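In: coordinates only, no sequence provided:
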């Protein structure tokens, strides 16, 4: 969903999930305009990151921020085309590192989260030791096979795609729309 960060300016109330992640993906209008981040809620519930120390986060948009803020006790290695987008992560954590070739080669016990719309191979993927990978995830909602999915199959690494995250965050949206307890 585009404009997750911009939408924050127009809200009367922000749920804790929106405040913590600095973006929203669910807005309801009652007497006031209220924003939530159900991606943040779904990520927080995922067990796939439990035994992972390091997270390679590809992308630096609203969804990447949701991962970053919901898994805040992890070491994050950010890889993004725009260096300016990485500034948010540097300002908001001491456990954030820029990912480069040297760091990638030596990383142990990690997960890769592709929080971009691209499913293609990117340069940094060439330098990872996939024997150290514990979990791989693409966040794009699609049935296309991605590069990470192929790697997961080749190395027997647990993998989830955007369809999983969509299904999980939709459960929270349903509760919000039906005014049920979160």
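Out: Structure's in. What do you need? This is a predicted model, so every value here is computed, not measured.
In: when you work out contacts or count neighbours from here on, use the C-alpha atoms and nothing else.
Out: OK.
In: now for this structure, the helix or strand with the poorest mean pLDDT.
Out: Scoring the helices and strands of the chain by mean pLDDT, DSSP states H and E places strand 96-98 at the bottom, with a mean of 72.
In: now the strands for the protein?
Out: 13-14, 26-29, 33-36, 54-58, 75-79, 96-98, 110-114, 133-138, 159-160 (DSSP state E).
In: select, out of these, the one closest to residue 169.
Out: strand 26-29 (10.0 Å; CA to CA).
In: quick one: terminal-to-terminal distance for stretch 75-86?
Out: Distance across stretch 75-86, first residue to last, is 15 Å (CA to CA, to the nearest Å).
In: returning to that earlier point: would you convert the strands of the chain into a markdown table that also reports mean neighbour count and distance to residue 153?
Out: Listed next are these as a markdown table, based on neighbours: other CA atoms under 10 Å; distance: least, CA to CA, whole Å:
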| stretch | mean neighbour count | distance to residue 153 |
| --- | --- | --- |
| strand 13-14 | 17 | 40 |
| strand 26-29 | 16 | 33 |
| strand 33-36 | 21 | 34 |
| strand 54-58 | 23 | 19 |
| strand 75-79 | 22 | 23 |
| strand 96-98 | 18 | 27 |
| strand 110-114 | 24 | 14 |
| strand 133-138 | 24 | 10 |
| strand 159-160 | 18 | 8 |
